[in-house]
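Student: fold the following and give me the result.
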Amino acid sequence: MNAKPLLDVQQLRAGYGRVEVLRGVDLQVHTGEIVALLGSNGAGKSTLNNTVCGLVPASGGQVRLDGADITQAHYRDVVRAGLIQVPEGRRVFPNLTVLENLELGAFTRGRERRAPNLERVFGIFPRLAERRTQRAGTMSGGEQQMLAIGRGLMAEPRLLILDEPSLGLSPMLVEEMFALIQRLHADGLAVLLVEQNVGQSLEIAQRAYVLENGLVRFAGTPAGLLASDELKRAYLGI
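Tutor: Residues are numbered from 1 along each chain as shown. Predicted coordinates for the structure are as follows:
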């Protein structure tokens, strides 16, 4: 791709204290693209997400969103710029209602268009509309995942990072989740998909990265990744 990437990560380094987790990561996501980020537990995927979003400070390298340097930006400014993460584990507010959780999604970005965005989310997730007055903590895991994604959509993301969206879901709900991601992609949303479900991630992604010990081991198309028996065995378990 020759067009300027929407998200451009160059030689990114980050960690916790003296432990360096990311050791010079390059990664790009273009407008309207699904990019799969794969790797075993401990490879650095969540650290990469959190560093890009301003939750973990970068110790080196650069992160640009649509050409603007956000490497050292406060996480609220990252959200204002349109980079939204739906974190692993859903992290909904259990004592708040579905509606209150969704409205909080528009606290930093999208507040002026909260009403039409709410109707859009309810159109995508009719179950959330039915349960708008229910406390989030009483919902099933699948419903909480819908709520977490809906809350992210309320912020009008330009790029949505989904961290393990299918984790803990039944096989039927996993199918629904991947169909939803494809629907969001069809609407033009760029998605960075961090998933343990390798097979289905590669089916819907245009490009993929494999992280190993804080370094990019592979960057390319899903077909290129699946063509390497060594990579499939060593990093994907397939």
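
Student: so which bits of stretch 214-222 are buried?
Tutor: For stretch 214-222, burial by neighbour count (16 or more other C-beta atoms under 10 Å) applies to 214, 216, 218, 222. From N, CA and C alone the C-beta is placed, and that goes for glycine too.

Student: list the contacts of the host helix or strand of Gln200.
Tutor: Per DSSP states H and E: Gln200 is located in helix 198-204. Helix 198-204 is contacted from outside by 34, 36, 38, 166, 174, 178, 181-182, 185, 193, 195, 208, 222, 225-226, 236-238, using C-beta atoms under 8 Å, 6 or more residues apart in numbering.

Student: now tell me which helix or strand of the chain has the poorest mean pLDDT.
Tutor: Lowest by mean pLDDT, DSSP states H and E among the helices and strands of the chain is helix 229-231, with a mean of 77.

Student: ok, Glu88 to Asn101 distance?
Tutor: 17 Å (C-beta to C-beta, to the nearest Å).

Student: residue boundaries of the helices in the protein?
Tutor: 45-52, 75-80, 98-105, 114-124, 126-130, 141-153, 171-186, 198-204, 222-226, 229-231 (DSSP state H).

Student: so for this structure, the centremost residue is which one?
Tutor: Note on the chain: the residue nearest the mean C-alpha position is Ile161, at 1.6 Å, using C-alpha atoms, centre = their mean.

Student: neighbours of Ala81, how many?
Tutor: Around Ala81 there are 17 other residues, counting by other C-beta atoms under 10 Å.

Student: so what's the nearest residue to it once chain neighbours are set aside up against?
Tutor: With C-beta to C-beta, 6 or more residues apart in numbering as the criterion, Ala81 has its nearest non-adjacent residue at 5.3 Å, and that residue is Leu65. Listed by C-beta under 8 Å, 6+ apart, the contact set of Leu65 reads 6-8, 78, 81-83, 158-159.

Student: quick check: bridge partners of Leu65?
Tutor: As for beta bridges, Leu65 partners with Leu7, Ala68 under DSSP bridges.

Student: and it, how far from Leu83?
Tutor: Look at Leu65 and Leu83: by C-beta to C-beta, they are 6 Å apart.

Student: what residues do those two have in common as contacts?
Tutor: Shared contacts of Leu65 and Leu83, defined by C-beta under 8 Å, 6+ apart, comprise 7, 158-159.

Student: report the buried residues of stretch 78-91.
Tutor: For stretch 78-91, the neighbour count (16+ other C-beta under 10 Å) marks 78-79, 81-88, 90 as buried.
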